[in-house]
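A.B. asks: need a structure here:
(one chain, ligands or ions: 1)
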Amino acid sequence: MVKKNTKIVHEKVVEPQQEKPAIPPIYQTSTFEFPRAELLGDTISGGPDNEVFIYTRGSNPTQRTLEKSLASMAGSEEALTTSSGMAAITLIALTFLRKGDHAIVSEVTYGDTHHLFSDMLKDFGVEVDFVDFTSPKKIEETIKSNTRLIFFETPSNPLLRLVDIKAVSQLAKENKIKTIVDNTIMTPLLQDALGLGADIEVHSLTKYINGHSDVVGGAILCSKKDFLELRKTLFTTGAILDPHAAWLVQRGLKTLALRLKKHQENTKKVVKFLSENSSVQRVNHPYLREHPDNKLALTQMKGFPSVLSFEIKGDLKDARRFINNLRLFKKAVSLGGVESLAEHPASMTHAIIPKAEREKAGIKDYLIRLSIGIEDAEDLIEDIKQALNQ
Ligand SMILES: Cc1ncc(COP(=O)(O)O)c(C=O)c1O
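C.D. replies: Just a heads-up that it's a prediction; the model follows:
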């Protein structure tokens, strides 16, 4: 007869018999029990199969459910989820780049992506060139015999310049180079980077896909072949998305299409208001006809981003004063949540990029970035108006 203290460690699991839960449960377990030792041994020596679960650092049913949903939304063969968007980008670099390889990266990327490629990978002997991706010709001139990977964001953040995914992917294919697109700002619903020819899409799930600013996560959408390579690196690095976070993202994903609709409606109104305001000297958004990539936006994207930036008439102090005077917009980095956020790229998200490089790329001290949420558009405009008036 086992003792009480033993019993409490080995609970009797109550499973539903005929009925199935309408919503999948969270498999909050680090390890999986096998009925016989031989079976576990055989599974491990045969290599972890997709849907055989051994240890959650490698795979877990809650993560896999989310991965299947993401792949089905994007039309990709596979999806891999990670503990953050940066973990996903780092995993791609660790899997597909080796000492002596060369990568071409767009000049303006998320600050930590820039840091990964400009400092960390260089220290591991990877050569990296940062190029203006609005010109495929410049990319072509930078390709070398050891170029393995091309990485870019479109639209870029915070200037919302676009890259022609089809043209760059084609160029990369001709030279046997992998194309990776950070599609975080658009999501697969508003921009089909894989359909346009990219090999891999990378996402920060932290943004629109989860959409509620309460989870940090990342995802890689790719072929089965790349997935199997990436998963080996994931297992070793341990950069997995934990089951509880995966479950929350799964919940967020269900309202993505609805949220994007409202995000876009609000953004159009805010863009219009700002572009007609005399305290604003420039608005960066591809929805505007005067935006240099407006034509490409209309063919490449199936909607518009809900992030925009604008230059205030004034200097760094005026930009900060505007942000401080906002009452409804939260003063915070990140984007893609239901709530509207305002931030100052030069001193926040892009501060890690040296000032000279930042300015060259067009990120001025008086540039402000807004992430437009799903509140009432009139309230958002009222808040911007009162902050500009001050
Ligand atoms: C475009 C883009 N890519 C990647 C990341 C990194 O994502 P995470 O914060 O989930 O690591 C961010 C974060 O803001 C981002 O904006």
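A.B. asks: Please name the bridge partners of the residue in the stretch 201-350 of the chain that the ligand sits nearest to.
C.D. replies: Nearest to the ligand, among the residues of the stretch 201-350 of the chain, is residue 204, at 3.1 Å (CB to the nearest ligand atom). Just so you know, the C-beta spots here come from the backbone N, C-alpha and C atoms, and that holds for glycine as well. The partner list for residue 204 in beta bridges (DSSP bridges) reads residue 218.
A.B. asks: Next up, the contacts around it.
C.D. replies: 84-86, 88, 182, 184, 217-218 (CB atoms under 8 Å, 6 or more residues apart in numbering).
A.B. asks: the strands in the stretch 101-250 of the chain, which residues?
C.D. replies: Remark: strands assigned in the stretch 101-250 of the chain by DSSP state E, counting those that start in this stretch are 102-106, 127-131, 147-153, 178-182, 200-204, 218-222.
A.B. asks: quick one: which helix or strand includes residue 91?
C.D. replies: For residue 91, the host element (DSSP states H and E) is helix 85-96.
A.B. asks: Look at residue 215 and say how many residues are nearby.
C.D. replies: Applying other CB atoms under 10 Å, we find 21 residues neighbouring residue 215.
A.B. asks: Go ahead and confirm it touches residue 247.
C.D. replies: No: counting by CB atoms under 8 Å, residue 215 stays clear of residue 247, with 9.5 Å between them.
A.B. asks: and the nearest residue to residue 152 once chain neighbours are set aside, what does it touch?
C.D. replies: In space, and not counting its chain neighbours, residue 152 is closest to residue 106: 3.8 Å by CB to CB, 6 or more residues apart in numbering. By CB under 8 Å, 6+ apart, the contact list for residue 106 reads 130-133, 151-153, 156, 163.
A.B. asks: Skipping its backbone neighbours, what lies nearest the closest residue to the ligand within the chain in space?
C.D. replies: Taking CB to the nearest ligand atom as the measure, the chain has residue 85 as its residue closest to the ligand, at 2.4 Å. Of all residues not flanking residue 85 in the chain, residue 204 sits nearest, at 2.7 Å (CB to CB, 6+ apart).
A.B. asks: Counting neighbours, show which residues of the lowest-mean-pLDDT helix or strand in the chain come out buried.
C.D. replies: Lowest by mean pLDDT, DSSP states H and E among the helices and strands of the chain is helix 37-45, with a mean of 79. Within helix 37-45, the residues that qualify as buried are residue 43, counting by 16 or more other CB atoms under 10 Å.
A.B. asks: Tell me the residues of the stretch 1-150 of the chain that contact the ligand?
C.D. replies: Contact residues (CB under 6 Å from any ligand atom) of the stretch 1-150 of the chain with the ligand: 84-86, 110.
A.B. asks: So for residue 76, what's the nearest residue that isn't a sequence neighbour?
C.D. replies: In space, residue 76 comes closest to residue 221 once its chain neighbours are excluded; the distance is 4.1 Å by CB to CB, 6+ apart.
A.B. asks: Hmm, residue 72 and the one you found touching each other?
C.D. replies: No: Residue 221 is beyond contact range of residue 72, at 10.5 Å (criterion: CB under 8 Å).
A.B. asks: Who has more neighbours out of these two?
C.D. replies: Shown here are residue 221 and residue 72; by other CB under 10 Å, residue 221 has more neighbours (28 against 10).
A.B. asks: Show me the beta-bridge partners of residue 367.
C.D. replies: Counting by DSSP bridges, residue 367 is bridged to residue 311.
A.B. asks: Check the one 4 residues further on too.
C.D. replies: The residues paired with residue 371 through beta bridges, assigned by DSSP bridges, are residue 307, residue 341.
A.B. asks: got CSV for the residues of the stretch 1-150 of the chain next to the ligand, with neighbour count and pLDDT too?
C.D. replies: Below are these laid out as CSV (neighbours: other CB atoms under 10 Å; pLDDT from 0 to 100):
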residue, neighbour count, pLDDT
84, 19, 98
85, 24, 98
86, 20, 98
110, 23, 89
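A.B. asks: Kindly reformat those residues as JSON lines containing distance to residue 208.
C.D. replies: Listed next are those as JSON lines, based on distance: CB to CB, whole Å:
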{"residue": "84", "distance to residue 208": "15"}
{"residue": "85", "distance to residue 208": "12"}
{"residue": "86", "distance to residue 208": "17"}
{"residue": "110", "distance to residue 208": "15"}
